[in-house]
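In: would you be able to build a 3D model of this:
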Amino acid sequence: MKADKLNIEKLLENKFYNSRTFSEEIEKLVRDNSMKYMDAIVFFCEKNNIDIESIPKLVSKPLKERLKAEATELNLLKRTSLAKLPIYDT
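Out: All right, here's what the predicted structure looks like:
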């Protein structure tokens, strides 16, 4: 089991040299297919036969922020005081 995980990680490293290229692939899916980030990551993993548990080390900080914003928007995460400023009509 551990050897399989190492093999998967090695394949990921060979196919995607860094988190930037992985993020570019996800951004392309989101842009071209009007997908949400979470859906794009799951779709990408299924399409490429990749265990989704191997992905966290490839998720860049900007992609994490987009995922967090999307999860907050979908009420999957609690809103923080920094998430969005309220807009008041005067």
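In: how is residue 40 assigned, secondary-structure-wise?
Out: helix (DSSP: H, G, I helix; E, B strand; the rest coil).
In: from memory residue 26 sits against residue 36, does it?
Out: No: judged on Cβ atoms under 8 Å, residue 26 makes no contact with residue 36 at a distance of 10.7 Å. Where you see a C-beta, it was placed from the backbone N, CA and C, and this is true even at glycine.
In: what's in contact with the host helix or strand of residue 62?
Out: Residue 62 is part of helix 61-73, with elements assigned from DSSP states H and E. Helix 61-73 is contacted from outside by 19, 22-23, 26-27, 36-38, 41, 59, 77-80, 83-84, using Cβ atoms under 8 Å, 6 or more residues apart in numbering.
In: make it 10 Å
Out: Residues from elsewhere that reach helix 61-73, judged by Cβ atoms under 10 Å, 6 or more residues apart in numbering: 19-20, 22-24, 26-27, 30, 36-41, 56, 59-60, 76-80, 83-84.
In: list the contacts for residue 37?
Out: 23, 26-27, 29-30, 59, 63-64, 66-71.
In: let's see it at 6 Å
Out: The neighbourhood of residue 37, defined by Cβ atoms under 6 Å, 6 or more residues apart in numbering, consists of 30, 66-67, 70.
In: select, from the residues you listed, the two members most distant in space.
Out: Spatially, the most separated pair among the contacts of residue 37 is 30 and 67, at 10.8 Å (Cβ to Cβ).
In: residue 40 and residue 29 touch, don't they?
Out: Yes: assessed by Cβ atoms under 6 Å, residue 40 is found in contact with residue 29 at 4.0 Å.
In: which one's more surrounded, the two?
Out: More neighbours surround residue 40 than the other of residue 40 and residue 29, with 22 against 19 (other Cβ atoms under 10 Å).
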